[in-house]
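1. okay, predicted coordinates and the sequence, questions at the end:
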Amino acid sequence: MGPIFVREVPADVAVWPGRRLLAAVDAIAWPGLWIYLTMHAPFDTGLLGTAVVALAGVLAVLRASKALLRNERYRFTVVRWGRVALGLVLIGFVLKIAVGIT
């Protein structure tokens, strides 16, 4: 029998003026980006593309409802993936300095 790990529920975030609007934009923009990239892919996406567009549409509605109705529980996607992107940029910068490429 293996151990069972229970994730702790994150605490509610502080709600400030304008957060609801920014959260709604964030909630719709990311699935919208996936829809845009799928529709403008340089190759035929076929049935998989249709499934991605449908799933992204459903996720946009679910995320927008959470951003508008349960704003204290919504986490910004830009912050989450921005940290990952910033980390990759910093690693690239350090590697560039280490190799000596200008």
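-> The structure has been received and is ready for your questions.

2. check what pLDDT E72 gets.
-> If you check E72, the pLDDT there is 92.

3. now the helix or strand harbouring V61: average pLDDT?
-> Take DSSP states H and E as the rule and V61 turns out to sit in helix 46-69. Averaging pLDDT along helix 46-69 yields 96.

4. so which elements touch that helix?
-> helix 19-39 (3 or more C-beta pairs under 8 Å, 6 or more residues apart in numbering; DSSP states H and E). C-beta coordinates here come from the backbone N, C-alpha and C atoms, glycine included.

5. now the helix it packs on and helix 46-69, what's the angle there?
-> Helix 19-39 and helix 46-69 are oriented at 180 degrees to each other (axes from the mean of the first three to the mean of the last three C-alpha atoms, to 10 degrees).

6. tell me the contacts of R73?
-> D12, V13, K66 (C-beta atoms under 8 Å, 6 or more residues apart in numbering).

7. same thing but 7 Å
-> D12, K66 (C-beta atoms under 7 Å, 6 or more residues apart in numbering).

8. what helix or strand does V9 sit in?
-> Per DSSP H and E: V9 is located in neither a helix nor a strand.

9. count the neighbours of A27 for me.
-> Around A27 there are 23 other residues, counting by other C-beta atoms under 10 Å.

10. got the contact list for it?
-> Going by C-beta under 7 Å, 6+ apart, A27 touches A60, R63, A64, A67.

11. centroid residue for the chain?
-> T77 (3.6 Å; C-alpha atoms, centre = their mean).

12. just give the nearest non-adjacent residue to that residue, would you?
-> W30 (5.0 Å; C-beta to C-beta, 6 or more residues apart in numbering).

13. neighbours around R63, how many?
-> Neighbourhood size, R63 [other C-beta under 10 Å]: 20.

14. circling back: can you report how many residues lie near the residue nearest to T77?
-> When neighbours are defined as other C-beta under 10 Å, W30 has 18 of them.

15. go on, R19?
-> 16.

16. got the contact list for it?
-> Counting by C-beta under 7 Å, 6+ apart, R19 has contacts N71.

17. follow-up on the earlier one: and the contacts of A27, which of them are buried?
-> A60, R63, A64, A67 (16 or more other C-beta atoms under 10 Å).
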